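Colleague: Need the 3D shape of this:
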Amino acid sequence: MHFPASALPPTLLDLTMLRIASTSSARIPGVMGTSIRWKRPSALRRMHQAAPLTPADPGYDQLMEASSLNAQSRGWRKHRGSASGSLSVRSDAVEPSKTLDSFQELERRVQALDDTIGAEELAQDGPFYSEGELTSMYQDVLAIPIPESEPTNQAEIEALKQAEAEEDLDILQILEERLCNPTIEMDSGGLKLDSAARRILVRAHEVVSRVEATRNVVNPDASLNPQNFLPISVLTIRECQALVRVSMKTKDAKAAELALDIMKRTGLPIPDGAVTEILKLYATSGNLAAADNLLANFLTEAPTETQRHLHVQAHLNGTPLSTLPTSALDVLHHYEGQNLPAPMHTYTTVITSLFSRSSSLARAHAWDIFTHMRYAAHPNPDILLYTLMIRACASPISTRYSSEPEKALDLWMEMTVDHKIMPTVGSYNAIILACARSGTKTYVNEAFRLARQMLDSHRDAQGFSAFRPDRKTFCALLEGSKRIGDLSRARWILAEMVRGTGTALGHAGVDAEIDEEVMMHMFHTYAAYRPPFLRAAAVLVKDQGSTGVDSSTVSRDESKVTTATDVLAPHDSNSNPATRLVSTIGEETPSFAHIPPQSRAEVIREVKLLFNRIIEDRGLSTSAATASLPFSEQRFRSVELSTRLVSAYLSVFYNHASLETSRELFWKIFEDLEVARSPRVYLEALERCGNARRGHEREVGLQFAEEVWVKWREMEVAGQHLDEESPKKINPRMVERAHVAMIRVLAITQNTDRAMDHLRSFASQYPANALRNPPPKRAFQSTRTSLVGSRPLVRMTSSAEVPDDHVPPLLTFRDIEVLHHRLIDEERTKDIGYVTWVCKSYEWALRVRRDNAVKAKIPKVGSNNAVVEASVVA
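Modeller: Reported below is the predicted structural model:
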């Protein structure tokens, strides 16, 4: 037996063999034992050193044989001594079998120790992975899971459709020869499918009608019990399905419905797929009456989820945006009463349709439907519905708030924390917009924090963000920047969009196109920006001929000036070259600098530069002043020169330029760009004139207001004859704001008589008595507790919280307070009494209107749901 010594430590191997040798030598007499005692340690050590190169020493086998012979001889001597009857000395010898067992046990232990040492060495080394394998594993761990979708082979689908179309054409040709004139009309494209299918269906319908008439003549009771008679089939199921597909291909829903009628009258089973396809066509066209009749006539079982969704969608598309979709709401609640609630995306479609209407009542009812759905149909909304409701918080129902960030954050926490729903770019855009529109610095900073979370908390192994910011993300952030006048952040956002690489936003880059909305927010931010006065930044330069200070020579050291505004991106002009703003030596040499504008003149100069670049990128003009801008590409070519963009550009001049400059630009820019003026443009000009400063500016403001008022009156008179739901109808709140601004202009310019005449004209044109009658209350506005009905079970908004959109123009005391103070100063008691009477009359009329709206009764609804109820089979 050979001992495997290659895996044992040298010291342990020597100790083991020495113990074996010493034990064996004690039992071997004579020279052999002596030889083993002095030769074995060195021999074993040499054997261990040569073990990797030479085979094991055979001395171990010889030692085993000698030990066995020694044991046998000692046993024989003991036997002889006992036989002769003499006494013998006790010996330490053992039986041969026990010696062999000891050696086997020792060998087993040594082998187990060898196996343990080998296993420990392998465990210490561990498995080996390459860098590529580790990177791939790391990417898989950090990757955001993508919802799996069933793989579809588009080529196979197209091939099946083509084969089906060819088979339908063959069937039509056979039916044409069998039922109609064998002469088939042909054109350059082959058989006319629409005309051939109609002829076949008309002929088949005639045959079925004659058969039924004959059967009724033979047996008048046949129409009462048609199931007792054997149906006569004119067309097979395959032929009817081919006729339905051909009719749907040509958008002929009437022909497809005629084919279903033939199948029903001949006793053939009507496939649900054919009914769904026809219903889809009616839903797209908004033909709600045809959709109701289709479900009432051809459904034999309860409608499927797809059919319920298309039924509601047909009613939504068939209702104009100017009115509430009451019929769609009735259908939705009727399905709930039949224990067949519509799918969740149907509720999402209904809520989206309600939010898309300009009525405050519609938006309030959308919140009621959302709460009602969670009680009656689907308690846990999906990501699309959560995103829609969070986005709706940015446009609240009440006009007292610009946004509802608290409600939006509650929905956000419920979605991400309670239900563990992974957010999307759209949901992040919604919550950022809801926080940014609040107008408070706390929630605007929260919007920027959420934007940073979107980019930093979901990165892969290479550091690329899973959520790439888009145009809506930047517009939402600009909404917050302009409301707090944070020009530094707004300029950084514009620079990132211009540069398009997205270093500050992540390695994934930014691919957001600059459009009209982005630049409108930018101009609004410039208008709300207040330039700081930094005394340390002003360098005083004396003129040569005087000891005074010339303010025109004041300059700044741009390398040392910084603002206190906390900017999301780092202020590094090297890493972000597009953020350098205008720094001029003269008016004709603009270039970009790092710091924001430090004076109103610099604000105007920079805004002019951006607006000229928009015109230049659109190819309308060329300017040498914009040649030095670091915008190598035409990044502003998609900016449309619309009315609201030009109005935002004018707002910068209203806040940072003189009224003379604003007046000149107002009458010039719209004609030069061929852009029409809207009522809001005239309103903003009137309100700017009403805020004119003392002195010469008020005289200019009066002249400017008189010029604008002529144009405004033309639009106001033209809008009075329009329908209430017309898009060109001027909002009553804009009408009263315009009149208030004009009264203020006349009052501050000491034209008190003209101001009083204007007030009397307004009171006669919009009398207080017109405010007394509220609009009729609708059925779904009922607050009576009921578990069944065509209205929500619960509400999120009370009747008092929903504003009235149809209140005519009115005046309050705060609107004409300036005129009242002027009358007091001039001690015109009679006019003071008239002003008080006008304000109190409008106030009392509003109170009567509110009381009548609260006391109004819900009109009784007749049986107007007969068609809807007939279309649903329990």
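Colleague: Neighbours of residue 355, how many?
Modeller: Counted with other CB atoms under 10 Å, the neighbours of residue 355 add up to 17. Every residue, glycine included, has its C-beta placed from N, CA and C.
Colleague: give the contact list for it.
Modeller: 362, 363, 366, 388, 392, 395 (CB atoms under 8 Å, 6 or more residues apart in numbering).
Colleague: Test my guess that residue 351 contacts residue 368.
Modeller: No: here residue 351 lies out of contact with residue 368, judged by CB atoms under 8 Å, at a distance of 9.8 Å.
Colleague: mind checking how far the residue positioned nearest the centre of the chain is from residue 641?
Modeller: Compute the mean C-alpha point of the chain, and by CA atoms, centre = their mean the closest residue is residue 426, 1.4 Å away. Look at residue 426 and residue 641: by CB to CB, to the nearest Å, they are 29 Å apart.
Colleague: Present the contacts of residue 355 as JSON lines; the columns should include distance to residue 103, pLDDT and secondary structure.
Modeller: Below are those laid out as JSON lines (distance: CB to CB, whole Å; pLDDT from 0 to 100; DSSP: H, G, I helix; E, B strand; the rest coil):
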{"residue": "362", "distance to residue 103": "98", "pLDDT": "91", "secondary structure": "helix"}
{"residue": "363", "distance to residue 103": "95", "pLDDT": "92", "secondary structure": "helix"}
{"residue": "366", "distance to residue 103": "91", "pLDDT": "93", "secondary structure": "helix"}
{"residue": "388", "distance to residue 103": "84", "pLDDT": "97", "secondary structure": "helix"}
{"residue": "392", "distance to residue 103": "88", "pLDDT": "95", "secondary structure": "helix"}
{"residue": "395", "distance to residue 103": "93", "pLDDT": "91", "secondary structure": "coil"}
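Colleague: are any of the residues you listed buried, and which?
Modeller: Using 16 or more other CB atoms under 10 Å as the burial test, the contacts of residue 355 include 362, 363, 366, 388, 392 as buried.
Colleague: With distance to residue 243 as added columns, please give the residues you listed in TSV.
Modeller: Putting the buried ones among the contacts of residue 355 into TSV (distance: CB to CB, whole Å) gives the following:
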residue	distance to residue 243
362	42
363	45
366	42
388	41
392	45
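Colleague: circling back to that earlier point, and the furthest pair within the contacts of residue 355?
Modeller: Largest separation among the contacts of residue 355 by CB to CB: 362 and 388, giving 14.2 Å.
Colleague: mind listing the strands for the stretch 301-450 of the chain?
Modeller: Shown for the stretch 301-450 of the chain, no strands are assigned by DSSP state E, counting those that start in this stretch.
Colleague: Actually, the stretch 151-300 of the chain.
Modeller: Going by DSSP E, counting those that start in this stretch, the stretch 151-300 of the chain shows strands at 186-187, 190-191.
Colleague: and those, which one's lowest on average pLDDT?
Modeller: Least confidently modelled of the strands of the stretch 151-300 of the chain is strand 186-187, at a mean of 40 by mean pLDDT.
Colleague: give the contact list for the closest residue in space to residue 319 that isn't next to it in sequence.
Modeller: Leaving out its chain neighbours, the residue that sits closest to residue 319 by CB to CB, 6 or more residues apart in numbering is residue 325, at 4.2 Å. Applying CB under 8 Å, 6+ apart, we find residue 325 in contact with 315, 316, 319, 350, 353, 354.
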